[in-house]
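**Student:** I need the structure of the sequence given here:
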Amino acid sequence: MTVAAEGKAAVVVVTAEFEQLAHTMAANAGRSGLRVHVLPYPLESRPEAEVRAIAVEHFPALLVTLGATDE
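**Tutor:** Okay, the predicted model is just below:
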């Protein structure tokens, strides 16, 4: 929230379990437009190789969400 408040590009990255909470917290902080990128849930119980594959898969979309690239 601090970075967004300074006018800098920001994205919150959460797992699906916490997506609604992220939106609620952002709205309560006056940042309802805060960009949220959602990863699958759970991550902690998955093998490291699978988590790394998820990261590689989601990275391009994360850059789009951040506004760093076009779709």
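
**Student:** what's the first-to-last distance across stretch 2-11?
**Tutor:** This stretch, stretch 2-11, spans 12 Å end to end (CA to CA, to the nearest Å).

**Student:** Need the contact partners of that stretch.
**Tutor:** 31, 34-37, 62, 65-68 (CB atoms under 8 Å, 6 or more residues apart in numbering). No exception for glycine: its C-beta is placed from N, CA and C like everyone else's.

**Student:** Show me the two of the residues you listed that sit farthest apart.
**Tutor:** With CB to CB as the measure, no two of these lie farther apart than 31 and 68, at 19.2 Å.

**Student:** before we move on, back to that, inside helices: which ones of the contacts of stretch 2-11?
**Tutor:** Among those, the residues falling in helices (DSSP state H) are 62, 65-66.

**Student:** Can I get these in CSV including pLDDT and distance to residue 8?
**Tutor:** Shown next, in CSV, are those (pLDDT from 0 to 100; distance: CB to CB, whole Å):
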residue, pLDDT, distance to residue 8
62, 94, 16
65, 89, 15
66, 87, 11
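
**Student:** before we move on, back to that, okay, residue 31 and residue 68: which has more neighbours?
**Tutor:** A direct count of neighbours by other CB atoms under 10 Å for residue 31 and residue 68 places residue 31 higher, at 16 against 11.
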